[in-house]
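Novice: The following comprises the amino acid sequence and a computationally predicted model.
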Amino acid sequence: MPLDPKRTVGELKELRELTGNEDGAQRVAWTETWERARSWLRDKLATTGAEVAVDPAGNQWFTLRGSSERAVLIGGHIDSVPNGGWLDGALNVVAGVEVLRRIAAEETPRVTVRLVNWADEEGARFGRSLFGSSAAAGSMRDQDELRSLTDRDGISLPDALALHDVDLDRALKAQSELESAAAYLELHIEQGPVLESMDLPLGVVLGTFGVERHRVTWRGQAAHAGSTPMTERRDALAGAAKLALEIREIAKRTGDGAVCTSGGVVCKPGIVTSVVETAEQLLDQRHLDASKLASMLEQAKEASKRFAGEEQIEVEFERIWSIEPILFDETLVGFCEEAVLEVAETSHRLPSGPLHDAADVSRAGVPTVMLFVQSLRGLSHTKLEDTKEEHLELSVAALDRLASKTIDWIAGGGRR
Ligand SMILES: [Zn+2]
């Protein structure tokens, strides 16, 4: 059966009909609609003869046994956020079905090929993303915290999982699934505006951004807005305002995709008749290069000290969360670029701002790469999320080429 990318587009629409409504996709993990999507997927693969299994973290695996046990994995997630888009996560799963069909119709593949539908990538119900992939990768180390999570109706995460035959205490046993993994491939919509702005259908993802998140607290002195002359003020908001503008310059100077965001400032006392006494500012900085990320943080801290001096206020940085950049495998990045050039003639290398299941798999030591397809208007996590059908078809063709190149590479030894 030759590859038929148009069929993928048709099946994505079928899935949208089956699991969406006028507000968008409703495939929230650990719900009935999600299970409906999972059994739909099982049915789609029935003709390929792929073995079906669900691991202890709830990830769904479809395996075409090859001459070698070493496996090329194609991964995605069929779960969505509430009122989500039709492509986020689902595109790769459904494109993977088409690749498996093509391979199943040929002679026994030289290596094993597996499609994985990760459980609860979005974390929409319990606020914990990458559930299934972090269990398989062994990076899930917050079992106690997970046990205490509840959804809006007060149902606990372990209880919700149990309804889908997943025991949180055994979830990490999913790690055995990656033992034979020799490569991991993930296609995803870009969820950003870069490829569209360059008028390119496809891009090769170099890795996922490292992130530094801080709470920056500025402390001045509350004083009467009428009686305090401008020269006598210790205005905490002035520091936050200067930093909010300075981080644009820091990102610009750093370049290579650097982004810095001041996502919010809470002022106290927060009344119209007082100078601001404390301003709590949220700062998010991201870069693909660890040393550049560290330098961006250093520059933000130095500038803050300078602003504090100028305004006669105090400043303090407190780290909320951080993650190191995750770089994808160079050889696979090369194959991905070849595949993109073969189907679309021009390619572009770009980092991923959002985290993906691929980041966890890569951190577990499996050579990994991601392929992005253009998102229209950069929108995602909304029913407005969309991609041109011709671009979706190109992405299926490119994923198939990438899978073929990767199978050849693993059969010839791969990364040992
Ligand atoms: Zn996704």
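Specialist: Yep, that arrived.

Novice: per-residue confidence for the closest residue to the ion within the stretch 1-150 of the chain?
Specialist: For the stretch 1-150 of the chain, the residue closest to the ion is residue 89, as judged by Cβ to the ion, at 3.9 Å. (Glycine included, C-beta is placed from N, CA and C.) Looking at residue 89, its pLDDT stands at 92.

Novice: May I have the residues that are in contact with it?
Specialist: 76, 77, 78, 79, 80, 121, 122, 188 (Cβ atoms under 8 Å, 6 or more residues apart in numbering).

Novice: near the ion, which of those show up?
Specialist: Filtering those for proximity to the ion by Cβ under 5 Å from the ion leaves nothing.

Novice: next one: phi and psi at the closest residue in space to residue 16 that isn't next to it in sequence?
Specialist: Nearest residue to residue 16, sequence neighbours excluded (Cβ to Cβ, 6 or more residues apart in numbering): residue 86, at 4.4 Å. Backbone torsions of residue 86, given as degrees, to the nearest 10, read phi -90, psi -10.

Novice: In helices only, show me the contacts of residue 89.
Specialist: Residues of those located in helices (DSSP state H): none.

Novice: Quick check: residues of this structure near the ion?
Specialist: Proximity of the chain to the ion (Cβ under 5 Å from the ion) is limited to residues 88, 89.

Novice: Name the SS class of the residue in the chain sticking out farthest from the centre, please.
Specialist: Distance from the centre of the chain peaks at residue 227, with 51.1 Å (Cα atoms, centre = their mean). Under DSSP: H, G, I helix; E, B strand; the rest coil, the three-state class of residue 227 is coil.

Novice: start the count at 41, not 1, going forward
Specialist: From this message on, residue numbering opens at 41, which makes the last subject residue 267.

Novice: pLDDT score assigned to it?
Specialist: Model confidence at residue 267 (pLDDT) stands at 96.

Novice: Same check on residue 389?
Specialist: Value for residue 389, per-residue pLDDT: 95.

Novice: ok, back up a step: count the residues that sit near the residue lying closest to the residue of the stretch 41-190 of the chain closest to the ion once chain neighbours are set aside.
Specialist: Spatially, and ignoring its direct neighbours in sequence, residue 129 is nearest to residue 117 (3.8 Å; Cβ to Cβ, 6+ apart). The burial count assigned to residue 117 is 29, neighbours taken as other Cβ atoms under 10 Å.

Novice: show me what contacts residue 117?
Specialist: Here residue 117 is in contact with 129, 130, 132, 133, 157, 158, 159, 160, 161, 162, 172, 397 (criterion: Cβ under 8 Å, 6+ apart).

Novice: ranking those by neighbours, who comes first?
Specialist: Of those, with other Cβ under 10 Å as the count, residue 132 tops at 34 neighbours.

Novice: The closest residue to that one other than its chain neighbours: how many residues sit nearby?
Specialist: Spatial nearest neighbour of residue 132, excluding adjacent residues (Cβ to Cβ, 6+ apart): residue 116 at 3.0 Å. By the measure other Cβ under 10 Å, the count of residues near residue 116 is 27.

Novice: ditto for residue 426
Specialist: Neighbour tally, residue 426, other Cβ under 10 Å: 17.

Novice: same thing with residue 232?
Specialist: Residue 232: 18 neighbours (other Cβ under 10 Å).

Novice: now swap in residue 406 and tell me
Specialist: Neighbours of residue 406 using other Cβ under 10 Å come to 20.

Novice: check contacts around it.
Specialist: Per Cβ under 8 Å, 6+ apart, neighbours of residue 406: 113, 218, 221, 222, 223, 224.

Novice: Which pLDDT value goes with the residue in the stretch 291-440 of the chain positioned nearest to the ion?
Specialist: The ion sits closest to residue 396 of the stretch 291-440 of the chain, with a gap of 6.2 Å, by Cβ to the ion. pLDDT for residue 396: 92.

Novice: and what of residue 297?
Specialist: 89.

Novice: The closest residue to residue 95 other than its chain neighbours - how many residues pack around it?
Specialist: Nearest residue to residue 95, sequence neighbours excluded (Cβ to Cβ, 6+ apart): residue 214, at 4.2 Å. Residues lying near residue 214 (other Cβ under 10 Å) number 25.

Novice: Confirm for me that residue 214 is in contact with residue 176.
Specialist: Yes - at 4.4 Å, residue 214 and residue 176 qualify as touching, with contact defined as Cβ atoms under 8 Å.
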